[in-house]
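S.K.: quick one, fold the following:
(one chain, ligands or ions: 1)
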Amino acid sequence: MSQSHLDFSFRMSYLKDWRDRQHLPPRPPRFSLPSDLEHPLPPDLHTQLGTVGAALGAGAVPSSRTFGVREQATLAHYSIGLMRYEPTDPYPIHRPAPSPRCLHASELYLVRTSSDDAPLQRYHPVRHSLEPVHRDWLWAHTLPETPLGHWLISLQPDRIAFLYGQYAHRLALLEAGHVVAQLRALARGFGWDTRIRWLEADTLEADSVARQEIPLAVLTHVPDAQSHLEPSEPLPTVMRQALHAVMLRRNSGHGSNGVNPLPVRLSQAEVATMARFATADLTPDPELGLELRAVMLNVDGLKTGAYKYTPSGAFELLRPLENDAALHQQLFYTPGFKVQHCPVVWFVVADLPRASRRHGSQAYARVQTEVGQLAHRLGLVAAAHGLFARPSLSYQEANIDQQLRLHVTRGSSQLSVLMGKDRELGFPIRLSL
Ligand SMILES: Cc1cc2nc3c(=O)[nH]c(=O)nc-3n(C[C@H](O)[C@H](O)[C@H](O)COP(=O)(O)O)c2cc1C
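M.R.: You can find the predicted model right below:
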């Protein structure tokens, strides 16, 4: 692992609170300005998108529809469109995929290979329109024609950097991973698998905050989505709910730090279902060393402790833990979050040094986006169980890595996902089309 990777990784984690506010960039607008050239998209979207279980990879799904304007509108709106306005939330505008403090650093483009117009059409979440944009991304002209289309996901770290400085890169990459997972889940609703081509997103390139937009990945749909779970296994009842209903329910828990969830317990079978479906459709490179660990706090059949989710589908006890204030603070260090009421706090783990040897300068981007995808799938399984799932970096990484016994490996925790039951639902206003 090169010195710059070690430096970068360190600054992006343990020292994340450090920043010199003087050097932070100004706050850019949350959304790009609309263009005069926009093509409005139809508001009547598909809502019959199959079950959440199928969306997460259970069972083969035959393709049934074409990639017309209505499918494009559905995929774009349900990936980065505006879903909810929550007037009592300090971060009030919510999308289908979570974003740190709802700052929304991801952009989505439809790539039109056979168009005479600009190949890149940016989706505008406020206008629900596509608008041609001209970017100096020459590879976009060379993508092969495909009947089901390409999407491009890009990052605008400055939307977060005015607050977090360089650390914005990590947050923006994680957020983009959530968007990728959401788009992949939706595509399965149309019976399509999604291939991902990672671009040369070198997020280490500048020692200061990058001001430009970073193209991250091209997603290409292919027909007839394959099963990623044993096809003979019956789908658990909870995973038979409609994807559309579940994704509208997905949330990170209301309020910023004052979350006070209801005490709730899960069964061992429920957490096993969550882990199985969250990890089902992942095809990560083994060199990333991605795995799921968890601190079980209130799970019948599993004593309080740190666990590893094994490929055989079992939870291996790594270390019993006391359900006490010291642990709660390690799990969420900002006061006010009643972690003791969460049934489980998941940790997505990766092996950065190994990834770095395999992927060089792209390793960091690859790891963070895969981590974001897994976290998003946990969000969907949580919503299927009537729970919130908050992705978070507000935990004491060094202590938690020790609790998860990662100090004896080369792995480190990259993101936590706290699951819980909302006590207050807030006043969500549906921003429906
Ligand atoms: C990559 C990422 C990191 C986050 N980190 C934190 C965190 O450290 N602490 C926290 O309380 N919330 C964190 N959040 C939660 C967001 O603030 C929350 O998802 C956002 O307000 C959107 O809420 P929603 O998912 O209900 O739409 C994070 C979210 C993402 C996607």
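S.K.: alpha carbons of stretch 310-323, as PDB, please.
M.R.: In PDB, the C-alpha atoms belonging to stretch 310-323 read as follows (Å, rounded to 0.1, in the frame of the first residue of the first chain):
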ATOM      1  CA  THR A 310     -20.000 -16.200   7.800                       C
ATOM      2  CA  PRO A 311     -20.500 -17.300   4.200                       C
ATOM      3  CA  SER A 312     -22.400 -20.300   5.500                       C
ATOM      4  CA  GLY A 313     -25.100 -18.000   6.800                       C
ATOM      5  CA  ALA A 314     -24.200 -18.300  10.500                       C
ATOM      6  CA  PHE A 315     -23.300 -15.700  13.100                       C
ATOM      7  CA  GLU A 316     -20.000 -16.500  14.700                       C
ATOM      8  CA  LEU A 317     -19.500 -15.000  18.200                       C
ATOM      9  CA  LEU A 318     -16.300 -13.000  18.200                       C
ATOM     10  CA  ARG A 319     -16.600 -11.500  21.700                       C
ATOM     11  CA  PRO A 320     -19.400 -11.200  24.300                       C
ATOM     12  CA  LEU A 321     -20.000  -7.600  25.300                       C
ATOM     13  CA  GLU A 322     -21.700  -5.700  28.100                       C
ATOM     14  CA  ASN A 323     -24.700  -3.700  26.900                       C
END
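S.K.: tell me the gap between it and the middle of its chain.
M.R.: Mean C-alpha position of stretch 310-323 versus that of the full chain (C-alpha atoms, centre = their mean, to the nearest Å) differs by 24 Å.
S.K.: repeat for stretch 350-365
M.R.: Relative to the chain's own centre, stretch 350-365 is displaced by 19 Å; criterion: C-alpha atoms, centre = their mean.
S.K.: I figured residue 127 was touching residue 39, is that so?
M.R.: No - under the criterion of C-beta atoms under 8 Å, residue 127 makes no contact with residue 39, lying 10.0 Å away. To be clear about C-beta, it is placed using only N, CA and C from the backbone, and glycine gets the same treatment.
S.K.: more neighbours: those two, which one.
M.R.: Set residue 127 next to residue 39 and count neighbours by other C-beta atoms under 10 Å: residue 127 wins out with 15 against 12.
S.K.: now do the same for that one: helix, strand or coil?
M.R.: coil (DSSP: H, G, I helix; E, B strand; the rest coil).
S.K.: ok, now which ones touch it?
M.R.: By C-beta atoms under 8 Å, 6 or more residues apart in numbering, the residues touching residue 127 are 34, 38, 40.
S.K.: tell me the pLDDT at it?
M.R.: For residue 127, the pLDDT comes out at 94.
S.K.: likewise for residue 204?
M.R.: Looking at residue 204, the pLDDT reads 52.
S.K.: after the helix or strand of the chain with the lowest mean pLDDT, which helix or strand is next?
M.R.: Ranked by mean pLDDT, DSSP states H and E, the helix or strand of the chain with the weakest confidence is helix 3-11, at a mean of 61. As assigned by DSSP states H and E, the chain's next helix or strand after helix 3-11 is strand 39-40.
S.K.: tell me which residue lies nearest the centroid of this structure.
M.R.: residue 178 (1.9 Å; C-alpha atoms, centre = their mean).
S.K.: relative to residue 422, how far out is the closest residue to residue 321 other than its chain neighbours?
M.R.: Once flanking residues are discounted, residue 321 sits nearest to residue 305: 4.9 Å by C-beta to C-beta, 6 or more residues apart in numbering. Separation of residue 305 from residue 422 (C-beta to C-beta, to the nearest Å): 26 Å.
S.K.: same question, residue 174
M.R.: According to C-beta to C-beta, residue 174 stands 22 Å off from residue 422.
S.K.: over to residue 217?
M.R.: Between residue 217 and residue 422 the distance, using C-beta to C-beta, works out to 32 Å.
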